[in-house]
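K.L.:
just the structure for this:
(3 chains)
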Amino acid sequence: MSTLTDPRKESFSVSMLIYDTRYRSTTIQIFVLVLVLMVVFWLIRNTAQNLSDLGKPIEFGFLLEPSSYDINQRLLDYSSRDTHLRASLLGLLNTFVVAFLGCITALILGVLIGVARLSKNWLVARIMTVYVEMFRNVPVLLWIVLAMAIMIESLPTPKAFRGENATASMYFSDSVAITNRGIYIPEPLFSNSLGNLSFLGDSSVRFDISLDLMLIIAVLIAGFWTSSRINSWASKTQNETGIRPTVWYWRLSVVLLPLLVVLYYTGFHLGYPALKGFNFQGGTYLRNSLIALWLALSLYTAAFIAENVRAGILAISKGQSEAAASLGLRPGPTMNLVILPQALRVIIPPLISQFLNLTKNSSLAIAVGYMDITGTLGGITLNQTGRELEAILMMMLIYLSVSLTISALMNWYNNSVKLVER
Amino acid sequence: MKTSFVLGALTVAGLAAGAAAAGTLDDVKARGTLNCGVSTGLVGFAAPNASGEWEGFDVGLCRAVAAAVLGDSNAVEFIPTTGKTRFTALASGEVDLLARNTTWTFSRDVDLKFEFTGVNYYDGQGFMVPTELGVSSAKELDGATVCIQTGTTTELNLADFFRSNNMNYEPVPIETNAEAQQQYLAGACDVYTTDASGLAATRATFENPGAHVVLPEIISKEPLGPLVRHGDNNWGDIVRWTLNALITAEELGVTSANMAEMASGTNNPEINRLLGTEGTLGEMLGLDAEWAQRALAVGGNYGELFEANIGASTPIGLARGLNAQWKNGGLLYSPPFR
Amino acid sequence: MSDTSFVRQEMLSEQPAPASSVGFLGWIKNNLFSTWFNSILTVIALGFVWYILAGVLPWTFLSVWNAGSLSECREIARQVWGESHGHACWAVINDRWIQLLFGFYPSHLYWRPILAFVLLGFALAPVLFPQSSRKLLILSGLYPFILPWLMWGGSIWSPIMALIGFVMGYLAIKNLSERIGQLGAIFSSIFAAFLWWLLIGPVFVDLLSANIPIALESVASRDFGGFVLALLIGIVAIVCSLPIGIILALGRQSDLIIVKAFSVAFIEFIRGVPLITLLFVASLLLNLFLPPGTEFDIILRVMIMVTLFSSAYMAEVIRGGLAALPKGQYEGADSLGLDYWQAQRLIIMPQALKVSIPGIVSTFIGLFKDTTLVSIIGLMDPLGLSQGIRANAEWNGIYWELFAFIALLFFVVCFSMSRYSMYLERKLQTDHR
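P.N.:
As a prediction, this is how the structure comes out:
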């Protein structure tokens, strides 16, 4: 005999949309939605109007026209007769190269410097502090320009290697040349090469895959897999018999022997750079723009990472290591099992954003003439075709998807190392 | 005209809520200043001096137009533009006139919808190499590292030149002349290529100019000129004829020194028409009769501008060459003032 | 068994510590040579420091201060030090430092940017140093209107009318919220403010400027340049992005799905693209998005894009501040019967903002450093000016001196701000314990 029944059915009135908390949130949301849509529509209408006034309707046909310019660092084959699309693709790959190299170097440097800042050696700690403050407080663009200037001013020109009384010489028995145009290192060559596998025929996004490289990777994977099988067999034997069979030479040989065989049959050898004409020829050429950008970005970002690392280590209270010691853990396991997992939890999230920053800052490549995506699609292509809207929108979308991908990957990694909080 | 009003602290001193006026000339007059797009810094052509005033050959043209239209050669806002931003700045109406060493090409004229109003400097792309390389022709540059200034037609010409001669090269694209010059001097490139005028200007400022040589090959035609937006013919005429007035004045021997005297009337009817003492040429342009006198009073005629900014007496020391009057074997040939 | 062979009867007198562990020597031993590894590190570090200083110091101090051009500089250096290279030519800084600081700002008006930045110090004092006088808060409130007036000049009535617009909005909220409820009041206050700014205000401005002309000489924003431009872009962007950032942060925390989605999309988009692409938008595209014929000059466009850029970062900083508040604060506000805006205004935001100040300062440092990017799109910030200076026949070929000077300027400003931020962080930490 409950007297409480359903609430009385009110007749709906317009004012309820604002005053009734049940409807209010919907009202606000619809209002915001309409507002945003109106703004977007307004922007699009303006753009359409302006573009038609200029006589430049949006179209991406320019991407398939010949680019007519050359790119110095090419990870794929390219000539000035290829399309703007291919030039952009090459630029994107160059962005990836410098971002990848930069992130790794910045991480290593950052960790070393972060630890060194906490060093008991007063001088080392001070130098690292000066380093961190110097790099953090001066714009990265300035560092990039300075790194380039230092490279080209302080290193010898290829000319200096020439002639009887050369003032510069190559390193490592004539295999590495460090010049102000960049660094030449030996390149791997295969005299009985298996050739390349070409994909996507003649299109702008065609690419080749070296079968030699694929074979080496396959052999290495197989080797490591076998090696890990041997290891688990050894552990199993140890569990059963109490004696661990000596297997390290087996494990080593299943990795190395097949690799050596493959290298032998493909005729692996190194191609050394040699001074010929104006420049060194042969070998792998790391351009000065790449090195300057790479150095500046990683030194700059390393200063920030060092601070994160330092904060991460300091965030773990001394009690943690003392507790670990009282449990009888040695310093190594203390670091691996107690300090690091906790420090990582603090370090990784800011690390992700530092990596993202580095990737985005690589767009400043334009200052030293490194042909990344900003230099190709957002640079020469944009200048030559006059398609600002299309080029910039494409560039933004590309950067956005790269950033989102990196942060998704790193967040996934972060979640996998995160301590489960209770 | 426009009620400019400050919209809070957020959009200060801008938001001029005005409709696009019909003519650029009216806009300029109403505004009281000429917005002139120039380079961010190119020796001899446009650069700010210590007191922040812009100087140079291109700057001189801007000032002449401002004097002709507004009567004041200082009523110019110089808007530095990069190779990338220059066309947008002009298309969007941010600048009324672009005088920034811009090469007159088909696609810029037709596809990008601009109007080149003449040529104020005939140029061509050349190469500069250190003398010690022993190179005497651009055909010997196979395998060289070449510094290029980007954002121009330079990289396209270069790619075509090396491709058609079946040579390899290593392009080093650089945004600004200053950086390119530094790389070249440090030996990070063997060759520096840009317009021949730029090469000469750059070479002139080197510590040791004799150690560098400009190769004889000119691989492109680079007619550099001022440009305006398509579709405003009256404004285009004003810029075109201001430039022509400067050129004609040199041809007729009118200089800033003798102009006052000539303005009182001469026996040469064309000078009289040019200086507005005869005929109604100024009115046809929508200006007054003395427009050309004012334009000439700023920096003198074409020849004087040339000499003062980039000529043989300056550190840049360019010879007139193609830019001499047609009577002296050059290409400067202004249509008659009639 | 009392004949213990030895019991000490008196304390030994205190011995001085060994000379190697006290004083200067002891400090050196403990801090530099405590282990063999440390000793090696010290030696390497000393060598490194020596190497750097030996290169930099002679260049910096054996230098030419007075010369009219680079070639003159080289000539003087040759006369004084002979044919050795490596002498700085600070004469370029001597010649152009005013330009590097002020750009093309009219020289008789230099007092205005200087006054603006001095006032900024006072306006920030109540925010940055809580012990300073509360009366300065009035200045902080007025500063957003003083700054543009000082920098751009023009009639004093424009900023005053702009201020009155805000007052109108505030009055609308205050008086109407009783009658038509909070939400309605907010909308009508926004409406009132815009009505004032767009329709009524301009009329008053014209009227008042015609009759009571109090005005500063106008300075077009394209005359701004040098370090003033960098500072101005930074300050305008950070001040304008604060309210936008708060709204975005609240939007991102909100339960309203659509609002949240828009906020997240905006923040992630801006944070996902490099600033340089946004600057390209400012220089190449922004005019396309606006109605035909709208004219903004490039500096204003850059300020708009940089504001959008920093508001996304600001939103994340403030979100961090919101997240740092204990849940009890929200529940406490609810239990007092405060509605959403009251709770935000009285309880949440004051605490969250206070916690976020260090983050805001470091956002500002980052933003300030990023203003150098505007040189890429042709604005005359210090880096852009350095290109212009090198394009002069006198200074063509000069390089390190300009960069060193610019780096020093940035370092001084950024370093002092980061020190301040660290001081603040330490203080906030103790507050919370």
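K.L.:
how is chain B carved up into domains?
P.N.:
As assigned by automatic domain parsing, chain B contains the domains B:24-122+B:223-328, B:125-220.
K.L.:
redo those as TSV? Include distance to chain A and mean neighbour count.
P.N.:
Backbone N, C-alpha and C define where each C-beta goes, glycine included. Shown next, in TSV, are the domains of chain B (distance: least, CB to the nearest CB, whole Å; neighbours: other CB atoms under 10 Å in any protein chain shown):
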stretch	distance to chain A	mean neighbour count
domain B:24-122+B:223-328	5	21
domain B:125-220	3	20
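K.L.:
now those as a markdown table including mean pLDDT and distance to residue A:268?
P.N.:
As requested, those are arranged in a markdown table below (pLDDT from 0 to 100; distance: least, CB to CB, whole Å):
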| stretch | mean pLDDT | distance to residue A:268 |
| --- | --- | --- |
| domain B:24-122+B:223-328 | 90 | 45 |
| domain B:125-220 | 88 | 27 |
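K.L.:
okay if I get the ones you listed as JSON lines plus distance to residue C:322?
P.N.:
Shown next, in JSON lines, are the domains of chain B (distance: least, CB to CB, whole Å):
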{"stretch": "domain B:24-122+B:223-328", "distance to residue C:322": "39"}
{"stretch": "domain B:125-220", "distance to residue C:322": "42"}
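K.L.:
how about residue C:258, what does it touch?
P.N.:
A:29-30, A:32-33 (CB atoms under 8 Å, 6 or more residues apart in numbering or on different chains).
K.L.:
domain map for chain C?
P.N.:
Split by automatic domain parsing, chain C gives C:38-89, C:97-105+C:219-431, C:155-216.
K.L.:
could you pick out the longest helix of chain C?
P.N.:
Scanning chain C for the longest helix, with DSSP state H as the assignment, gives helix C:157-195.
K.L.:
pull the distance from it to the chain's centre.
P.N.:
Remark: helix C:157-195 is offset 30 Å from the chain centroid, using CA atoms, centre = their mean, to the nearest Å.
K.L.:
quick check: mean pLDDT across it?
P.N.:
When pLDDT is averaged along helix C:157-195, the result is 79.
K.L.:
so what secondary structure elements neighbour that helix?
P.N.:
helix A:16-19, helix C:136-152, helix C:201-211 (3 or more CB pairs under 8 Å, 6 or more residues apart in numbering or on different chains; DSSP states H and E).
K.L.:
6 Å instead?
P.N.:
helix C:136-152, helix C:201-211 (3 or more CB pairs under 6 Å, 6 or more residues apart in numbering or on different chains; DSSP states H and E).
K.L.:
enumerate the positions of that helix that are buried.
P.N.:
C:157-166, C:168-169, C:172-173, C:176-177, C:182-183, C:185-186, C:188-189, C:192-195 (16 or more other CB atoms under 10 Å in any protein chain shown).
K.L.:
ditto for stretch C:77-92
P.N.:
In stretch C:77-92, counting by 16+ other CB under 10 Å, buried: C:77, C:87-92.
K.L.:
and it, how far apart are its ends?
P.N.:
End-to-end span of stretch C:77-92 (CA to CA, to the nearest Å): 14 Å.
K.L.:
now do it: everything it contacts.
P.N.:
C:59-60, C:62-67, C:73, C:395, C:398, C:401 (CB atoms under 6 Å, 6 or more residues apart in numbering or on different chains).
K.L.:
state the mean pLDDT of it.
P.N.:
On average, the pLDDT along stretch C:77-92 is 82.
K.L.:
distance from that stretch to the middle of the chain?
P.N.:
Using CA atoms, centre = their mean, the offset of stretch C:77-92 from its chain centre is 37 Å.
K.L.:
doesn't residue C:231 belong to a strand?
P.N.:
No. Residue C:231 sits outside any strand when classified using DSSP: H, G, I helix; E, B strand; the rest coil, being helix.
K.L.:
which residue is the nearest non-sequential neighbour of it?
P.N.:
Leaving aside its chain neighbours, residue C:231 sits nearest to residue C:117 (6.8 Å; criterion: CB to CB, 6 or more residues apart in numbering or on different chains).
K.L.:
quick check: which element contains that neighbour?
P.N.:
Secondary structure assigned from DSSP states H and E places residue C:117 in helix C:111-128.
K.L.:
quick check: mean pLDDT across that helix?
P.N.:
85.
K.L.:
residues of that helix that come out buried?
P.N.:
For helix C:111-128, by 16+ other CB under 10 Å, it's C:112-113, C:116, C:119-120, C:123-126.
K.L.:
contact residues of the stretch 151-300 of chain A facing chain B?
P.N.:
Contacts of the stretch 151-300 of chain A with chain B, taken as CB under 6 Å from any CB of the partner chain, map to A:152-153, A:157, A:180-181, A:277-278.
K.L.:
repeat the analysis, applying 8 Å as the threshold.
P.N.:
Neighbours of chain B within the stretch 151-300 of chain A, by CB under 8 Å from any CB of the partner chain: A:152-153, A:157-159, A:180-181, A:276-279, A:281, A:288-289.
K.L.:
most neighbours, which of those?
P.N.:
Most neighbours among those, by other CB atoms under 10 Å in any protein chain shown: residue A:289, with 32 neighbours.
K.L.:
in a helix, that's where that residue is, yeah?
P.N.:
Yes. Assigned with three-state DSSP, residue A:289 falls within a helix.
K.L.:
gap between it and residue C:9?
P.N.:
Residue A:289 sits 81 Å away from residue C:9, going by CB to CB, to the nearest Å.
K.L.:
picking that back up, for residue A:371, which of the domains of chain C is the nearest?
P.N.:
domain C:97-105+C:219-431 (15.1 Å; CB to CB).
K.L.:
report the mean confidence score over that closest one.
P.N.:
For domain C:97-105+C:219-431, mean pLDDT is 87.
K.L.:
which of the domains of chain C sits most buried?
P.N.:
Among those, domain C:97-105+C:219-431 has the highest mean neighbour count (mean count of other CB atoms under 10 Å in any protein chain shown), at a mean of 20.
K.L.:
gap between the two ends of stretch B:251-268?
P.N.:
12 Å.
K.L.:
who's in contact with that stretch?
P.N.:
B:249, B:270-272, B:274-277, B:290, B:293, B:296-297, B:299-301, B:303-304, B:325, B:327, B:332, B:334.
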